[in-house]
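1. Sequence and predicted structure below; questions after.
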Amino acid sequence: MAGLVCGPGSWQPRQAQRTSIHPAILSPSIQLRPPSEPCRPTSENLAKTNFRHPGYADRENVLLILPAFDAKGIHRETARIACCILANCAWHGYLSLVPDGPRVPAGPDDILTAPAYYFCVPDAPKYAVVPSLEHLGFPSQLPSSWQDNTQAPILSASPCVETSRFTCSSLPLEIAHIIPAMDVDWWQENRMYVHARQPSASMDTHCPDNTLWLREDVHTLWDAHRLAFVPKQGAWVAHVLEAGATDELQALREYLFARFAMAILDKAMFARQPGKGPRRLVWIGTGAGEPGVRELPAQQCRAIFGLGALGTRSSRSPNKSPRKRTRTECDDEDDCDYGDEIGSYESDMSETERGRPRNVRVS
């Protein structure tokens, strides 16, 4: 609805004279603001950028496909960190135009405009790929681009600051989880509570540091992993991860990074695409221990991690704050444990990937 503007401003008011009662008094006119431009339909030919694994044939090596919304390209460091996450947080990895080629000569805040890039890890031409959140151990150290950003991250939800972190609007608002409520097991296994301002009161995902005020419609997009907070040029900004029908669109940085990783894993394609040869995946078993590597046939990967195979996660639906499933419920569902689906393949490989600690250690 158009707003009302009284008196002088960016428009010149008409001077209307009320001659019937007070002929000497001039009243300012009431003018309507010009209507906002409607959201433009997203072009069907919107550019997309492919990120590929150099150790596999091009017909089956796609790691990730992201829309090119950053000046008809994609922010280099955002894309690189997304690929690093898929390579088990290999922060020293780099982007190249050819398999195992030289680094792309671009700065962290430059824009990548080529249609495809290869993500290379030095001395690991066929590095293992993280297939899902369950197999991602939170890193003991964030990448430098996330650590060196001097601007304070956005504020967490507080009764004193009731405005949306995206839109700055005050109504209607909802409290959104950064790390979804259903992922309380992942929260505890990775000791995410140690990053909270009050660790003893933050043993599950409902702690204040893990929440944001969001407008209701933005909350739905947030839960669907359509956007994420990332650092760009020293500021925290919303990065759109998925094209929609139109172009409309103090939390702790550890939680924002975890949410970004979840969004990237939600879009990851490596374990879902068709292929003939086996695939090397980062694998965290049901018991304690370091993350290892499992090599599974492509058909087996698609059966485990393909669309619809893992059931519906709360972060992929518009439902807010879902309850955690009980152990009894998990015992009755196929998607709670992958052990039965893997069968004999799980015992074939025991290699540990680079020895990186799976959990954050408390000294």
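-> In hand now; what should we look at? Numbers count the residues shown, from 1 in each chain.
2. any idea how far residue 107 is from residue 118?
-> Between residue 118 and residue 107 the computed distance is 19 Å (C-beta to C-beta, to the nearest Å). Every residue, glycine included, has its C-beta placed from N, CA and C.
3. what about those two, which has more around it?
-> Higher neighbour count among residue 118 and residue 107: residue 118, with 23 against 8, using other C-beta atoms under 10 Å.
4. I figured the more buried one hits residue 96, correct?
-> Yes: here residue 118 lies in contact with residue 96, judged by C-beta atoms under 8 Å, at a distance of 4.9 Å.
5. Give me the contacts around the longest helix along the chain.
-> In the chain, taking DSSP state H as the definition, the longest helix is helix 253-267. If you take C-beta atoms under 8 Å, 6 or more residues apart in numbering as the criterion, helix 253-267 is touched by 64-66, 81-82, 85-86, 130-133, 136, 138, 142, 146-147, 149, 153-154, 178-180, 183, 192, 195, 209-210, 225, 227-230, 236, 241-242, 315-316.
6. just the strands in the stretch 201-350 of the chain please.
-> Along the stretch 201-350 of the chain, the stretches classed as strands by DSSP state E, counting those that start in this stretch are 211-215, 227-232, 235-240, 278-283, 292-297.
7. For residue 92, which of the ones you listed is the nearest?
-> strand 278-283 (16.3 Å; C-beta to C-beta).
8. Could I get the CA-only coordinates of the closest one as PDB?
-> Written as PDB, here are the backbone C-alpha positions of strand 278-283 (Å, rounded to 0.1, in the frame of the first residue of the first chain):
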ATOM      1  CA  PRO A 278      32.900 -45.800  -7.100                       C
ATOM      2  CA  ARG A 279      32.900 -42.500  -5.100                       C
ATOM      3  CA  ARG A 280      35.100 -41.600  -2.200                       C
ATOM      4  CA  LEU A 281      33.100 -40.100   0.700                       C
ATOM      5  CA  VAL A 282      34.000 -38.700   4.100                       C
ATOM      6  CA  TRP A 283      32.300 -41.000   6.600                       C
END
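9. thinking again about what came up before, now the weakest link among the strands of the stretch 201-350 of the chain, please, by mean pLDDT.
-> Per-stretch mean pLDDT for the strands of the stretch 201-350 of the chain is lowest at strand 235-240 (a mean of 81).
10. where exactly do the helices run in the stretch 51-200 of the chain?
-> Assigned by DSSP state H, counting those that start in this stretch, the helices in the stretch 51-200 of the chain fall at 76-86, 144-147, 184-189.
11. Now tabulate those in a markdown table and tack on distance to residue 281 and mean pLDDT.
-> What follows is the helices of the stretch 51-200 of the chain, written out as a markdown table (distance: least, C-beta to C-beta, whole Å; pLDDT from 0 to 100):
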| stretch | distance to residue 281 | mean pLDDT |
| --- | --- | --- |
| helix 76-86 | 10 | 96 |
| helix 144-147 | 25 | 87 |
| helix 184-189 | 17 | 93 |
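12. Contacts for stretch 196-207 next, please.
-> Counting by C-beta under 8 Å, 6+ apart, 177, 179-181, 183-184, 187-188, 192-193, 209-210, 252 sit against stretch 196-207.
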